[in-house]
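K.L.:
After the sequence you'll find the predicted model.
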Amino acid sequence: MRLEPLYQRDREQAKEEGRQEGRQDLILRLLDRCIGEIEASLIGQIKGLSIEQLENLGEALLDFSSVADLETWLNQQSI
């Protein structure tokens with residue numbers, strides 16, 4: 001059994017997880033600047049989003065003026 005394919009797979013997975021965490025951190029910082037500090041429950045929901053959803057949130061948050069806007073957006077994602 002060769003370890004190289006396993007190592008490569010783990011490396012790619014770690015790289016993807018790093019990208020996702022980076023996007024999450026950026027989105028959370030942007031939200032903090034746009035609408036202020038948000039609750040831990042909302043942070044948890046954001047951390048559960050896919051990369052595609054995080055990218056969509058990154059665009060949508062430019063139009064947010066309150067936490068209610070974020071809550072509405074997150075509720076629409078679960079539909």
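P.N.:
Sure, I can see it.

K.L.:
going forward, measure contacts and count neighbours with C-alpha atoms only.
P.N.:
OK.

K.L.:
Return the list of helices and strands in contact with the helix or strand hosting E52.
P.N.:
Per DSSP states H and E, E52 falls inside helix 51-60. The helices and strands touching helix 51-60, judged by 3 or more Cα pairs under 8 Å, 6 or more residues apart in numbering; DSSP states H and E, are helix 4-35.

K.L.:
so what secondary structure elements neighbour the helix it packs on?
P.N.:
helix 40-47, helix 51-60.

K.L.:
For this structure, which residue occupies the most central location?
P.N.:
With the centre of the chain defined as its mean C-alpha position, the nearest residue by Cα atoms, centre = their mean is Q24, 3.6 Å away.

K.L.:
Can you give me the neighbour number for the residue nearest to that residue when sequence neighbours are not counted?
P.N.:
Excluding the flanking residues, the one nearest Q24 by Cα to Cα, 6 or more residues apart in numbering is K47, at 6.2 Å. Summarising burial for K47: neighbours were counted as other Cα atoms under 10 Å, giving 18.

K.L.:
do you know how far K47 is from P5?
P.N.:
29 Å (Cα to Cα, to the nearest Å).

K.L.:
I am finished for the moment; much appreciated.
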